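Undergrad: My questions are about this predicted structure, shown below with the sequence.
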Amino acid sequence: MSYVSLDSKYVSNFVRENEIPYMQQAVVTADKMLREGTGAGADFRGWLTLPTDYDKEEFARIQKAAEKIQKNCDILVVIGIGGSYLGARAVIEFLKSPLYNNMKKKTPDIYFAGNCISAVAMNELLSICEGKDVCINVISKSGTTTEPAVAFRVFRGWLENKYGKEGARERIFVTTDKARGTLKSFSDKAGYETFVVPDDVGGRYSVLTAVGLLPIAVAGIDIDALMAGAREAQNELTDTDLSKNDCYKYAALRNILYRKGKETEILVGYESYGTMLNEWWKQLFGESEGKDNKGIYPSSVIFSTDLHSLGQFIQDGNRNLFETVIAVNDNASSFAIPNDPDNIDGLNFLSGMDLAAVKATAMQGTLFAHVDGGVPNILLNLNGRNEKALGYLIYFFELACAISGYLQGVNPFDQPGVEAYKKNMFALLGKPGYEEQRKALTARLAD
């Protein structure tokens, strides 16, 4: 049985039976564009065969470096932004816990820096590191992106002050371009161990490269099994027949709904450990599809928590949305609801019932309610909370995203709009070379 299966019964009231076959030829075309490299962004398809074609020598070095970090430090600070940290954090929290740093374990605490511009966050993390043995993993293709570059500057200085340059060298691990770029050149001169951000894998598709694998391995997660799950997905999700490929069916369904005016997709999880997976998914689809004035807006919730904040809007608000629900079939954890002799909350009818069963019932009740309220729901069943299942799901979403982007007529591998804010920020901060733009923006501020 596949690790991921799609249940379409909660979307059947919104998609007629003949609409899916009408999408078949478009999906075949999108698949051909992707696999033959004839579509836009073809130079960034390295993730497509990554589960089988990854660098085995580097993979072994990642495992060895992870063991070294585990042995030598209390805290690993992962410095990166966007795809340079979201994937690793998503995997660690999904497979371990969002409370990973608070748990009893034999692996280091892992904190993430360089993903925001905040004096508060920087001071708090430095305070946490005081008195601890620390290693850092800086992840940046160029080394000049403002947020991670500033964080690297800060923590490199902190390590050198604490351990000296020689000692710091053994605690700094860099994931960057293979041969060029500011960070690569600097790291080679400084003698840091480096790992590669592949040229043909964009940041949001990079979780199964060294970008994600080193922090994931430090957390004690089996990266061999993670890759094995992705490899199963790579081998299984090749049939273009929509009745046989749930990944392509998911891409087709979301595009059918988009053409009906459902412009927002809400990814729904029922466990807090899925929160960062949702954030990774939002970047994957948002950065891939949101261009040329097109795209399905990616949002997310964790139920039942968010039923008490966003539930009203989903139930009765603007009918421009649909939900994709991830149901994790995992029986590893259980907790029986205790009996209350006084029954002060009136819930003794739940006494002895497992919380997992209550959650499943809440999910079923919510599916019925939202469908009855006019919200299509695509249900994805994930068979297990383990490395193989998650590796499969990661590849499933990456492949679906690429196909979906081509169905919308956009390049799913570029991100031209990301640079606009950076140029304005550099100009306003006075970066050399941006003088004319600074004058124009300053004039706008004066107005």
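TA: Arrived safely, thanks for sending. Being a predicted model, the structure only gives us computed values, none of them experimental.
Undergrad: Point to the helix or strand of this structure where mean pLDDT is at its lowest.
TA: Lowest on mean pLDDT, DSSP states H and E among the helices and strands of the chain sits helix 419-429, with a mean of 86.
Undergrad: who touches that one?
TA: Residues outside helix 419-429 that contact it (CB atoms under 8 Å, 6 or more residues apart in numbering) are 146, 434, 437, 438, 441, 442. (Each C-beta comes from the backbone N, C-alpha and C, glycine too.)
Undergrad: let's see 10 Å
TA: Outside helix 419-429, the residues that touch it by CB atoms under 10 Å, 6 or more residues apart in numbering are 117, 145-146, 431-442, 444-445.
Undergrad: Filter the residues you listed down to just the ones in strands.
TA: Among these, DSSP state E puts none in strands.
Undergrad: What residues of the least confident helix or strand of the chain count as buried?
TA: Of the residues in helix 419-429, 424, 426, 427 count as buried by neighbour count, 16 or more other CB atoms under 10 Å.
Undergrad: do stretch 122-130 as well
TA: 122, 125, 129.
Undergrad: before we move on, what about stretch 4-23?
TA: Going by 16+ other CB under 10 Å, stretch 4-23 has these buried residues: 4, 6, 8, 10, 11, 14, 15, 20, 23.
Undergrad: pLDDT on it, on average?
TA: Across stretch 4-23, the average pLDDT comes to 95.
Undergrad: Could you do stretch 72-88 as well?
TA: 97.
Undergrad: returning to what we had before: farthest-separated two in the buried residues of stretch 4-23?
TA: 4 and 14 (21.5 Å; CB to CB).
Undergrad: who does the nearest residue to residue 268 once chain neighbours are set aside bridge with?
TA: Closest residue to residue 268 apart from its sequence neighbours, by CB to CB, 6 or more residues apart in numbering: residue 325 at 4.4 Å. Assessed by DSSP bridges, residue 325 has beta-bridge partners residue 268, residue 379.
Undergrad: Is residue 325 in contact with residue 314, as I believe?
TA: No. With contact defined as CB atoms under 10 Å, residue 325 and residue 314 do not form a contacting pair (11.8 Å).
Undergrad: Is residue 128 in contact with residue 110, as I believe?
TA: No. With contact defined as CB under 10 Å, residue 128 does not reach residue 110; the gap is 11.6 Å.
Undergrad: Need the residues touching each of those two.
TA: Residues touching both residue 128 and residue 110 by CB under 10 Å, 6+ apart: 75, 77, 101.
Undergrad: what about the last one, neighbour count?
TA: With neighbours defined by other CB atoms under 10 Å, the count for residue 101 comes to 15.
Undergrad: so what's the closest residue in space to it that isn't next to it in sequence up against?
TA: Closest residue in space to residue 101, ignoring its immediate chain neighbours: residue 109 at 4.2 Å, by CB to CB, 6+ apart. Going by CB under 10 Å, 6+ apart, residue 109 touches 73-77, 100-103, 128-129, 132, 134, 219.
Undergrad: And the longest helix seen in the chain, what's buried?
TA: Using DSSP state H to assign secondary structure, the helix with the most residues in the chain is helix 146-169. Going by neighbour count (16+ other CB under 10 Å), the buried part of helix 146-169 is 147-149, 151-152, 154-156, 158-160, 163, 168.
Undergrad: Reformat those into a markdown table and put distance to residue 244 and pLDDT next to each item.
TA: Below are those laid out as a markdown table (distance: CB to CB, whole Å; pLDDT from 0 to 100):
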| residue | distance to residue 244 | pLDDT |
| --- | --- | --- |
| 147 | 43 | 94 |
| 148 | 42 | 96 |
| 149 | 47 | 96 |
| 151 | 46 | 97 |
| 152 | 47 | 97 |
| 154 | 51 | 98 |
| 155 | 49 | 98 |
| 156 | 51 | 98 |
| 158 | 54 | 98 |
| 159 | 52 | 98 |
| 160 | 57 | 98 |
| 163 | 56 | 98 |
| 168 | 53 | 97 |
